[in-house]
Each structure stands twice: as structure tokens, then as C-alpha cells.
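> Test case, fold it:
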Amino acid sequence: MRAALIAAVALLSSVKAFAQLPSPMIALAQLPDGTLSGNAYSNDALGVIFHLPPSWNANLDQGHSVSFGKDPDGLANECTRILERFESPRRVKGWFTAWGILFAIDPDCLSIGPFPTSPETSNTRVDDLANKIYQLYHPAPFFPPGKLDVSADRLEWPNGPVIIFLRGKGFRDVDEVDPTRKREPVPVSTEFVVTHTGKYWLGWAAIADDRSRGELTKSKLQVKLP
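Model prediction:
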């Protein structure tokens, strides 16, 4: 009887401890917002600095201004926190504005395996992870309606973290302000980029016209791994 009582107390203690563990959303919410100075976003907790083109507009995003994936309660939305939103200072054909986001992912929450350690195109882990990201985060606006091009490289230095690019091309003809109205189509490029910064993965995504895409290539992400 005493042994059964001890076991029951131990079980209740374990359940209570498990219930007190932070959920993925709480863990991400505990990340500092970071700071904006001019065109540079920095976050010491993540060890990153993200530089935008000087003329672009940016603001800290403290909520999910973009819905990821097909399920609002799915892993993509639960495991991702948007840190910054940025946009071009001009409109194309009177209505389209290129824009993008910087975000953090909790990989333990996402549960799609370790990040690749090599950027080689023959590395099936790169393609496998890219496919899983697409399946989880589509149909966010940062993916093309057609073919998706996947590539990988190293960030900043020869032995730096691997960075994976999911890119494509298409046309945009729906205004975010009024999705019911069709607009003159604008050729756009899309990209969804992910790298790792220790505990968290970090990424940015954008949908941009040709001119804005050229400006975004001058963006720079600096990562200082712990």
C-alpha cells in the first residue's frame, strides 16, 4: 500500500512538472523583441544582425502578421515567431509593394530533424528539409505557384552555418488591402530562406518585383554562433 502511494505521488509530481514546461509558443514569446537602428535589426539573444537596403521601411513585429501553412493552429504557426516586417518604399504599377519578414523558428517544436551540416547540392538532407519546410509553410505568400528552386550555401565564412534557399518566380495580381479586386499582374520573385543560430533557426522571406529583388540581394545577415 505504501509503495503504491509513493508511486502515485511520484506520478502526480511528474505530470505537474510536465505541465509546467513552457510550450513552444511561450518559449518563442520569451525571446527579446530585438532593436531597430536605421536599416539594421539586431537581437543579442539570437546573436544576429540583419541589414536591409537603406531606403526600405521596417518595423518590429510582435505578433503573427502572416499566417503560415494551411492550418492556423498547425506546427508552422505554433513554432514560428515573426520578428520584423519590412517593405519597399515604392509601389509597382500603382498597387504592388514588395515586402518581407524576418522570423525565428523553434526546431524542437517543428520536429523535422537536425539542420544539414553541409551545403552540397548532393546532400539529400538539404532537399529533404526544404521539402518539409515547403509542406509545412505553404501556402504562405513566399512560395511560387510553380517550380521551387532549392539551393544551399554557407553563411559569411567557409565554415559558417549552412543556409538554405527556397526560391521561385510567378505573378502577383491580388492586392493585400483588397483581396477581392484583381490588379494588373506584376512579375515577382519569392524566397524563403532558413539558417540556424544555435537553439533557434532564423529565416527571412520576401515577395518582390525585379527592382526590389535586386535591392534585397544587398541585405546582409550576420550570425554570431554561441
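
> When you work out contacts or count neighbours from here on, use the C-alpha atoms and nothing else.
Noted.

> just the helices in the protein please.
2-19, 24-29, 75-78, 107-110, 124-137, 210-216 (DSSP state H).

> Buried residues, the fourth one. List them.
To tie it back to what came earlier, the one meant is helix 107-110. 107, 109-110 (16 or more other Cα atoms under 10 Å).

> Quick one: the residues you listed as CSV, columns for distance to residue 96 too.
Putting the buried residues of helix 107-110 into CSV (distance: Cα to Cα, whole Å) gives the following:
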residue, distance to residue 96
107, 33
109, 34
110, 32
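
> Name the spans of this structure whose pLDDT lies under the cut-off.
Applying pLDDT under 70 to the chain flags residues 1-26, 62-65, 121-123, 224-226.

> and the residue lying closest to residue 191 once chain neighbours are set aside, how many neighbours does it have?
Spatially, and ignoring its direct neighbours in sequence, residue 191 is nearest to residue 167 (4.3 Å; Cα to Cα, 6 or more residues apart in numbering). By other Cα atoms under 10 Å, 21 other residues sit near residue 167.

> what sits against residue 40?
The neighbourhood of residue 40, defined by Cα atoms under 8 Å, 6 or more residues apart in numbering, consists of 49-52.

> which of the residues you listed tops the neighbour count?
Busiest of those [other Cα under 10 Å] is residue 52, holding 22 neighbours.

> How many neighbouring residues does residue 152 have?
The number of residues packed near residue 152 is 22, by other Cα under 10 Å.

> what do you get for the one 10 residues further on?
Number of residues near residue 162 (other Cα under 10 Å) recorded here: 21.

> how close does it sit to residue 177?
36 Å (Cα to Cα, to the nearest Å).

> How about residue 42, nearest residue that isn't a chain neighbour?
Per Cα to Cα, 6+ apart, closest to residue 42 is residue 49, 4.3 Å.

> Residue 60 too?
The shortest distance from residue 60 to any non-neighbouring residue, by Cα to Cα, 6+ apart, is to residue 84 (4.5 Å).

> Wait, the residue nearest to residue 191 touches residue 150, no?
Yes: between residue 167 and residue 150 there is a contact at 6.5 Å, judged by Cα atoms under 8 Å.
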